[in-house]
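Asks: Take this sequence and fold it.
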Amino acid sequence: MKTLPGTGGVPVPESSRIPLSLYIHWPWCVRKCPYCDFNSRPVMGALPTETYVSLLLRDLESQLEYLRPGRRLETIYIGGGTPSLMAGKEIGTLLQGVRNLIEVSPECEISMEANPGTVESDSLIRYREAGVNRLSLGVQSFDRELRILGRIHSADDARAAIRQAAAAFDNFNIDIMFGLPGETRESLAEDLREAIGSGSTHLSFYQLTIEEGTAFARRVPEGIPDPDTLAEMGDLVLSELARAGFRRYEVSGYAQEGRRCRHNLNYWGYGDYLAIGAGAHGKISDERGVFRYAQTGDPRRYMDNVRTLETPFQESRWVGRDELPFEFMLDGLRLTDGVTVQSFEERTGLGYSVIEPAVNEAVGEGLLTAESGRLVPTARGLDFLSDLQELFLP
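Replies: Numbering: from 1, shown residues only. Have a look, this model is predicted:
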């Protein structure tokens, strides 16, 4: 086993007890949306898909040397960008290559993002045949807001893609945004009606956030609902989805019974995840501590790096002891079921006494409950999640 660079920090349990996932990043899209802060860039000429896939696998092979023997993948997620710009054959080559390099659980959840306007029935069937068993459709809206959001598809394109997804997959997610410029409670209610009736097993409802570095940040669009209206919209999403059998299990995630996204649950549960592709971020635990790394965001530079294997990561660091509580709680407290004290101790190597003062303060402020070894954000805690998370800062 190759040693991770640098010096470890805090002891953690044997890594075989921590679930392992793989994130694969596809950095290209047809057009950059004005709200998007993900590492993506518009297609300029022919895509180097075959080369990129081969280098993704080479990257993965080099990273496996950092793992303890016997670890296997529980989930795989192909995100972007727009991964559905790849053909089914290319996805098949990628996933078979992964299986050739590392053991993959027979129950592995293999998710892939796709956008309406870049998929059709045949391609979705090919993705399923290649091994993808969960699809995530970036619909965002069924209304005129699509034009404002810079999406390349129409509402009818979205409906067609949903019908095709339902025919090819028995487990698929739809992404919807709310709080959009010009959106009303009535138009949101219509989006909710369509999403609930779509046949999807999982819905992600995100409030529009103006992220630094995006086109929307440079020129904020007019007509964004005021805070009171946004709060009412959030309540409407929660009540309508609950009524339809979609249980909220994370700040923006709603799922039917047994259909929660296992890959995201591993992120939020402070699990481990390998990361390949331009701009991908990973986390590996071993007996010396928690190691985080990030790939360069530029696709060409990423491919050059993998070819030479001289600069495998653009950034890397061991997580310091004083950072671990906040890192763990930053994601874990997004979950409506919260986290267990046992999982905190197992995945950070720290004792409960380290966070007990912050837990007591959060309980006193009505942001958290601490009963039977489980720390669960209250409704108020979810509404003021940043305040709750910040209590665990060093």
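
Asks: Quick check: phi and psi at the closest residue to Ile355 other than its chain neighbours.
Replies: Setting aside the residues directly before and after it, Ile355 is nearest to Pro325 in space (CB to CB, 6 or more residues apart in numbering), at 5.0 Å. Yep, even glycine has a C-beta here, placed from its N, CA and C like the rest. Backbone torsions for Pro325, taken as degrees, to the nearest 10, come to phi -60, psi -40.

Asks: what's near enough to touch Pro325?
Replies: Each residue near Pro325 by CB atoms under 8 Å, 6 or more residues apart in numbering is listed here: 344, 348, 350, 354-355, 358, 392, 394.

Asks: May I ask which of these comes out lowest in pLDDT?
Replies: Lowest pLDDT of these: Pro394, 89.

Asks: List the residues that contact the closest residue in space to Cys29 that isn't next to it in sequence.
Replies: Nearest residue to Cys29, sequence neighbours excluded (CB to CB, 6+ apart): Thr82, at 4.3 Å. Thr82 is in contact with 26, 28-30, 40, 113-115, 118, counting by CB under 8 Å, 6+ apart.

Asks: Now intersect those with the helices, please.
Replies: The members of those all map outside helices under DSSP state H.

Asks: Just the CA atoms of stretch 60-70, as CSV, please.
Replies: The C-alpha trace of stretch 60-70 is given here as CSV (Å, rounded to 0.1, in the frame of the first residue of the first chain):
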residue,chain,number,x,y,z
LEU,A,60,-8.5,5.5,-10.1
GLU,A,61,-5.9,2.8,-10.3
SER,A,62,-3.3,5.1,-8.9
GLN,A,63,-5.5,6.1,-6.0
LEU,A,64,-6.3,2.5,-5.0
GLU,A,65,-2.8,2.2,-3.8
TYR,A,66,-3.7,4.5,-0.9
LEU,A,67,-6.5,2.1,0.4
ARG,A,68,-6.2,-0.7,2.9
PRO,A,69,-6.8,-4.1,1.2
GLY,A,70,-10.4,-5.4,1.2
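
Asks: Any idea which residue is closest to the centre of this structure?
Replies: Closest to where the C-alpha atoms of the chain average out (CA atoms, centre = their mean) is Asn264, at 5.5 Å.

Asks: Which residues does the helix or strand that contains that residue contact?
Replies: Counting by DSSP states H and E, the element that carries Asn264 is helix 262-268. Residues external to helix 262-268 that are found in contact with it (CB under 8 Å, 6+ apart): 19, 21, 23, 74-77, 109, 111, 250, 253, 272-273, 331-332, 334-335.

Asks: let's go with 6 Å and repeat that
Replies: Residues from elsewhere that reach helix 262-268, judged by CB atoms under 6 Å, 6 or more residues apart in numbering: 19, 21, 75, 77, 109, 111, 331-332, 334-335.

Asks: For those residues, pick the one with the most neighbours.
Replies: Thr75 (26 neighbours; other CB atoms under 10 Å).

Asks: Name the SS class of that residue, please.
Replies: Secondary structure assignment for Thr75 (DSSP: H, G, I helix; E, B strand; the rest coil): strand.

Asks: one step back: export the contacts of Pro325 to TSV and tack on distance to Asn100, secondary structure and neighbour count?
Replies: Shown next, in TSV, are the contacts of Pro325 (distance: CB to CB, whole Å; DSSP: H, G, I helix; E, B strand; the rest coil; neighbours: other CB atoms under 10 Å):
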residue	distance to Asn100	secondary structure	neighbour count
Phe344	36	helix	24
Thr348	33	helix	25
Leu350	38	coil	19
Val354	42	helix	16
Ile355	42	coil	23
Ala358	45	helix	18
Phe392	41	coil	23
Pro394	42	coil	9
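
Asks: Point out where the stretch 151-300 of the chain drops to low pLDDT.
Replies: Counting by pLDDT under 70, the stretch 151-300 of the chain contains low-confidence ranges at 151-153, 210, 214-217.

Asks: Can you tell me which of the contacts of Pro325 is nearest Lys283?
Replies: Thr348 (12.3 Å; CB to CB).

Asks: The closest residue to the closest one other than its chain neighbours: how many residues sit nearby?
Replies: The shortest distance from Thr348 to any residue other than its chain neighbours is 4.3 Å, reached at Leu324 (CB to CB, 6+ apart). A total of 25 residues lie near Leu324 under the criterion other CB under 10 Å.

Asks: and what of Ala168?
Replies: 20.

Asks: Hmm, it is touching Arg128, no?
Replies: Yes - under the criterion of CB atoms under 6 Å, Ala168 makes contact with Arg128 at 5.1 Å.

Asks: What segments of the stretch 101-250 of the chain are helices?
Replies: Applying DSSP state H, counting those that start in this stretch to the stretch 101-250 of the chain gives helices spanning 121-130, 145-149, 155-168, 185-196, 215-218, 227-243.

Asks: Export the third one to PDB, keeping only CA atoms.
Replies: The reference is to helix 155-168. Extracted in PDB, the C-alpha atoms of helix 155-168 (Å, rounded to 0.1, in the frame of the first residue of the first chain):
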ATOM      1  CA  ALA A 155     -40.800  22.200 -20.200                       C
ATOM      2  CA  ASP A 156     -42.000  19.800 -22.900                       C
ATOM      3  CA  ASP A 157     -38.500  18.400 -23.200                       C
ATOM      4  CA  ALA A 158     -38.400  17.900 -19.400                       C
ATOM      5  CA  ARG A 159     -41.700  16.000 -19.500                       C
ATOM      6  CA  ALA A 160     -40.500  13.800 -22.300                       C
ATOM      7  CA  ALA A 161     -37.300  13.000 -20.500                       C
ATOM      8  CA  ILE A 162     -39.200  12.100 -17.400                       C
ATOM      9  CA  ARG A 163     -41.400   9.700 -19.300                       C
ATOM     10  CA  GLN A 164     -38.300   8.100 -20.900                       C
ATOM     11  CA  ALA A 165     -36.600   7.900 -17.500                       C
ATOM     12  CA  ALA A 166     -39.600   6.200 -15.900                       C
ATOM     13  CA  ALA A 167     -39.600   3.600 -18.700                       C
ATOM     14  CA  ALA A 168     -35.900   2.800 -18.300                       C
END
